[in-house]
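**Q** Structure for the following, please:
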Amino acid sequence: MIDLILTSLNSETTLSILQICIGGLGGVILNNLYLYYRNKIQKMQCFYLEDDILSKIPSRNDDNTIHENIHCKRYKVINTTNKDITEFKLFFQFDATADILECYSQSKEGYNRQRIRKNTSNKNEAEAIVKNFNRGDEIEYVFKVANISANDYYITESSCIGFKVKCKDKRKTTNKSKSRRSSQILIVKKG
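**A** Predicted coordinates for the structure are as follows:
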C-alpha cells in the first residue's frame, strides 16, 4: 500500500514534503534550545560590600542590654536574571550569638520601600520581602548587628522559581596591620 502511494507521487512532491518535515523538525529543535536557555535556573547576584566595626567595647543600649560589639554590614542585591520578578523573600542570618539592632533597605523606590524586618523569634535573622524586582534593579540592605563572635553570615532565598541567589564577598581590603603587643589595629599610611 505504501509502495503504491510512493510510486504514485512524483519526486517533486516527495521532496517538498520532506523539506517541510525537516524544516519543522529544525524549528522544534531551535525552539527547545531557546526555551532551555531562557528558562534555566538563573543566578541573581548578592554582593557583601562592607563590614564596619562601630564599637569594640561593650556598650549599653536604651533598654539596658549590654552589647559586646556593634558592626554595620552592607549588602547589595542585583537582578542579573533575564526576567522581571514579581515577589520573593531573602533571609539574612548572622552568628548564633548575634543580635540585629537595626535593618533597612535602599532602592530606586526610596528608603525602606522594600520591606525588611527582624525575626521576632530568632534575633540573628532578618527577612526581606522583595517586590517588583525588574532586570538590572538594585537593592542595598544595611544591618546594625551586635554581639558578633565568628562573623558568619548566611543568605537564603525563598519563594523563588527559576533563579538562585549567589553571594560574593566584595569588601575592599585596606592597608591594616595588627600590632604584636595588643589587639589594636594600626593603619599604615603610604607616602
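
**Q** Using the three-state scheme, assign Q45.
**A** Of the three states, Q45 takes strand under DSSP: H, G, I helix; E, B strand; the rest coil.

**Q** who's in contact with N134?
**A** By C-beta atoms under 8 Å, 6 or more residues apart in numbering, the contact list for N134 reads 79, 84-85. Using the backbone N, CA and C atoms, a C-beta is placed for each residue, glycine as well.

**Q** Then A96?
**A** A96 neighbours (C-beta under 8 Å, 6+ apart): N124.

**Q** Angles on the backbone of N32, please.
**A** phi -70, psi -40 (degrees, to the nearest 10).

**Q** so what pLDDT did it get?
**A** Listed pLDDT for N32 reads 75.

**Q** can you check the one 10 residues further on too?
**A** The predicted local confidence for Q42 comes out at a pLDDT of 82.

**Q** thought it was touching N79?
**A** No: the pair Q42 / N79 is not scored as a contact, 9.2 Å apart, by C-beta atoms under 8 Å.

**Q** hmm, back to that, narrow the contacts of N134 to those in strands?
**A** Using DSSP state E, the subset of the contacts of N134 located in strands is I85.

**Q** For ChimeraX, write the selection for the buried entries among the contacts of N134.
**A** Of these, the buried ones can be selected in ChimeraX as follows, counting by 16 or more other C-beta atoms under 10 Å:
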select :79,85
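
**Q** Now pLDDT too, for the contacts of N134, in a markdown table please.
**A** Converted to a markdown table, the contacts of N134 look like this (pLDDT from 0 to 100):
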| residue | pLDDT |
| --- | --- |
| N79 | 90 |
| D84 | 87 |
| I85 | 88 |
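
**Q** Could you provide the contacts of N134 in a markdown table, with additional columns for distance to K170?
**A** Output for those, formatted as a markdown table (distance: C-beta to C-beta, whole Å):
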| residue | distance to K170 |
| --- | --- |
| N79 | 17 |
| D84 | 25 |
| I85 | 22 |
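
**Q** Tell me how many other residues surround G26.
**A** Counted with other C-beta atoms under 10 Å, the neighbours of G26 add up to 10.

**Q** hmm, back to that, kindly indicate which of the contacts of N134 lies nearest Y141.
**A** N79 (14.3 Å; C-beta to C-beta).

**Q** Would you mind confirming that the closest one is in contact with V130?
**A** No: N79 lies out of contact with V130 (C-beta under 8 Å); the separation is 9.0 Å.

**Q** now the strands: where do they sit in the chain?
**A** Under DSSP E, the chain gives strands at 42-55, 59-60, 66-67, 70-78, 85-94, 99-107, 110-111, 116-118, 125-133, 138-146, 153-158, 163-169, 176-178, 185-187.

**Q** and for the fourth one, what are the contacting residues?
**A** In this case it means strand 70-78. 44-55, 59, 90, 92, 94, 101, 130, 136-146, 148, 151, 153, 155, 165, 167.

**Q** just checking, I129 touches Q114?
**A** Yes: here I129 reaches Q114: they are 7.4 Å apart, a contact under C-beta under 8 Å.
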